[in-house]
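S.K.: here is a sequence together with a model predicted from it:
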Amino acid sequence: MKTLNVSISELELDKFGIKNEKLSFTEFLEIVSKELTRQTLNKCIDLSEKYGLSKMTMEEITKEVKAQRRYAKNRG
């Protein structure tokens, strides 16, 4: 097994919630993946609020999806 040394700031340690100084590569990937997922989710929430999607009901969303599917089917 090889060892890889990575430098990371205290701020990044806190941001990623890293407690141990030694991690397996799998543990490191999981931590980074969770952070990237969190960032993506926050972007999605911001966009849904920007375009008014966050105020739609599930019924309205379902109707919108069905309308778009009909439109795509009729175009193609």
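M.R.: Noted; the coordinates are in hand.
S.K.: wait, doesn't Gly17 sit right on Glu30?
M.R.: No - look at Gly17 against Glu30 with CB atoms under 8 Å: they stay out of range, at 11.1 Å. Every C-beta, even on glycine, is put in place using the N, C-alpha and C of the backbone.
S.K.: okay, these two: which has more neighbours?
M.R.: More crowded of Gly17 and Glu30, by other CB atoms under 10 Å: Glu30, with 12 against 9.
S.K.: tell me how far Asn74 lies from Ala67.
M.R.: Note on Asn74: its distance to Ala67, by CB to CB, to the nearest Å, is 11 Å.
S.K.: higher neighbour count, the two?
M.R.: Each of Asn74 and Ala67 has its neighbours counted (other CB under 10 Å); Ala67 has more, 10 against 7.
S.K.: list the helices and strands the least confident helix or strand in the chain by mean pLDDT packs on?
M.R.: Least confident element among the helices and strands of the chain, by mean pLDDT, DSSP states H and E: helix 10-16 (a mean of 90). Applying 3 or more CB pairs under 8 Å, 6 or more residues apart in numbering; DSSP states H and E, one finds that helix 10-16 contacts helix 25-50.
S.K.: mind redoing it with 6 Å?
M.R.: Helices and strands touching helix 10-16, by 3 or more CB pairs under 6 Å, 6 or more residues apart in numbering; DSSP states H and E: there are none.
S.K.: now that helix - C-alpha only, CSV.
M.R.: Only the C-alpha atoms of helix 10-16 are listed here, as CSV (Å, rounded to 0.1, in the frame of the first residue of the first chain):
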residue,chain,number,x,y,z
GLU,A,10,-7.6,24.3,9.4
LEU,A,11,-10.5,26.0,7.7
GLU,A,12,-10.9,23.1,5.3
LEU,A,13,-10.6,20.6,8.1
ASP,A,14,-13.5,22.3,9.8
LYS,A,15,-15.5,22.7,6.6
PHE,A,16,-15.2,19.0,5.7
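S.K.: now it: how far from the chain's centre is it?
M.R.: Chain-centre distance of helix 10-16: 18 Å, with CA atoms, centre = their mean, to the nearest Å.
S.K.: what residues does it touch?
M.R.: Identification of contacts with helix 10-16 by CB atoms under 6 Å, 6 or more residues apart in numbering yields Ile31, Glu35.
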